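> fold the following, please.
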Amino acid sequence: MKNETTIGIDLGGTRIKAIAIDANGKILHENYQPTNDGDGSVWKNAVATAVKELQQILKTEKIKIGLSAPGLPDEKNTCISCMPGRMQGLENFNWTNFLQQPTYVLNDAVAAMMGEAKFGAAKNKKNVVMLTLGTGVGGAILIDGKPYQGAMNKAGHFGHMAINDEGDCDVTGMPGSLEECIGNCTVEKRSKGKFTSTHELLDAYKTGDVFAKEVWMKSVKQLGIGLASIANMLSPEVIVLGGGITQADDNLFLPLNYFMKQYEWQPTGTTTKIVKAIHGDMAGAIGAACFAMSKE
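So this is what the prediction gives:
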């Protein structure tokens, strides 16, 4: 890897995280700006402000930038080409032209995976799958050390794989998807209105609430079936899990490993290793910077 400093930006719904990292993954500087999602001109200018402030600290006029954002990037990773419903003004916005710096744009889950693969829980691994478990379920794939984005750059959307063909359709029209099974967006529906968040559900689960245990274990079982399916198809060295739901720690990972052993095809007698992401909400910015760093 070249000895260079790169800026990574994670454009989130509430906060813009911008960092400068060196070639060894050390975060040299950090900058945070509010997103103000309702006004596109505000958050675009906030990104520009973050870049300018970091450049002033670094004392450089030209620098490569990686930008992590929700949605699907275009073929050349110059912009987000598809992001319906929110972040108005993001679609087809050319960041290189706006920032006057070479800027490479990628999906936020792909960026998180890049951060974990380069300097995190999957360091030195060449074939990796990552899922982000939060409001919804995102995902990304690393093949032979490179992010696999596929046709239309939509590869890795594991949240939209079907687990139950008789289940409700998710936002893409997929019935009984993994996102419907474990995403925070469906907790109230899955618990028949008793819980409004995964955090509430887990609090009740920890106290021995029978109904909470039934709901949670069903969700983890369905996640295990989904991960076993992914492992059977892609055979990664490791599956990395990130996102807020992973804060459940052993209450998630212990039963999940049990279900993986139950459902995954194990021709050598071993199951795919599942690990927790280590970069937390900084993974997107770190991964975006890594992606830009890999560009000539």
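
> got a list of contacts for the longest helix along the chain?
Among the elements of the chain assigned as helix by DSSP state H, the one spanning the most residues is helix 210-234. With contact meaning CB atoms under 8 Å, 6 or more residues apart in numbering, helix 210-234 is reached by 127, 129, 131, 133, 141, 158, 161, 163-164, 178, 181-182, 190-191, 194-195, 201-202, 204-205, 236, 239, 251-252, 255-256, 258-260, 262-265, 271-272, 274. Using the backbone N, CA and C atoms, a C-beta is placed for each residue, glycine as well.

> 7 Å instead?
By CB atoms under 7 Å, 6 or more residues apart in numbering, the residues outside helix 210-234 that reach it are 129, 141, 158, 161, 163, 178, 181-182, 190-191, 194, 201-202, 204-205, 239, 252, 255-256, 259-260, 263-265, 272, 274.

> and stretch 187-205, by the same measure?
Residues outside stretch 187-205 that contact it (CB under 7 Å, 6+ apart): Asn184, Phe211, Ala212, Lys213, Val215, Trp216, Ser219, Ile245, Ala248, Asn251.

> how much space separates Leu227 from Gly208?
Going from Leu227 to Gly208 by CB to CB, to the nearest Å gives 27 Å.

> need the per-residue pLDDT for the residue sitting nearest the centre point of the chain.
Nearest to the geometric centre of the chain sits Ala109, at 2.7 Å (CA atoms, centre = their mean). Ala109 carries a pLDDT value of 91.

> before we move on, the earlier item: quick one: which of the contacts of stretch 187-205 is most hemmed in?
Trp216 (26 neighbours; other CB atoms under 10 Å).

> quick check: the farthest pair among the contacts of stretch 187-205?
Maximum pairwise distance in the contacts of stretch 187-205, criterion CB to CB, is 18.9 Å, between Phe211 and Ile245.

> closest one of the contacts of stretch 187-205 to Ala285?
Ile245 (20.6 Å).

> the residue nearest to the centre of the chain touches Gly139, doesn't it?
Yes. Using CB atoms under 7 Å, Ala109 makes contact with Gly139 at a distance of 5.6 Å.

> what is in contact with those two at once?
By CB under 7 Å, 6+ apart, the residues touching both Ala109 and Gly139 are Met130, Thr132, Gly156.

> now intersect those with the strands, please.
Met130, Thr132 (DSSP state E).

> ok, the shared contacts of Ala109 and Gly139 vs Leu72, which is closest?
Taking CB to CB as the measure, Leu72 lies nearest Gly156 of the shared contacts of Ala109 and Gly139, at 10.6 Å.

> can you report how many residues neighbour that closest one?
Gly156: 23 neighbours (other CB under 10 Å).

> so how far is Val137 from it?
According to CB to CB, Gly156 stands 11 Å off from Val137.

> could you point out which element follows the longest helix of the chain?
As assigned by DSSP states H and E, the chain's next helix or strand after helix 210-234 is strand 238-242.

> packing partners of that following strand?
Judged by 3 or more CB pairs under 7 Å, 6 or more residues apart in numbering; DSSP states H and E, strand 238-242 is in contact with helix 108-119, strand 128-133, strand 273-276.

> what helices or strands is the longest one leaning on?
Taking 3+ CB pairs under 7 Å, 6+ apart as the contact definition, the neighbouring helices and strands of helix 108-119 are strand 65-69, strand 128-133, strand 137-143, strand 146-148, strand 238-242, helix 283-293.

> swap the cut-off to 6 Å and go again
Judged by 3 or more CB pairs under 6 Å, 6 or more residues apart in numbering; DSSP states H and E, the packing partners of helix 108-119 are strand 128-133, strand 137-143, helix 283-293.

> how about the second one?
Strand 128-133 sits against helix 108-119, strand 137-143, strand 238-242, with contacts defined as 3+ CB pairs under 6 Å, 6+ apart.

> adding distance to Leu90 as columns, could you present these in JSON lines?
As requested, these are exported to JSON lines (distance: least, CB to CB, whole Å):
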{"stretch": "helix 108-119", "distance to Leu90": "12"}
{"stretch": "strand 137-143", "distance to Leu90": "16"}
{"stretch": "strand 238-242", "distance to Leu90": "22"}
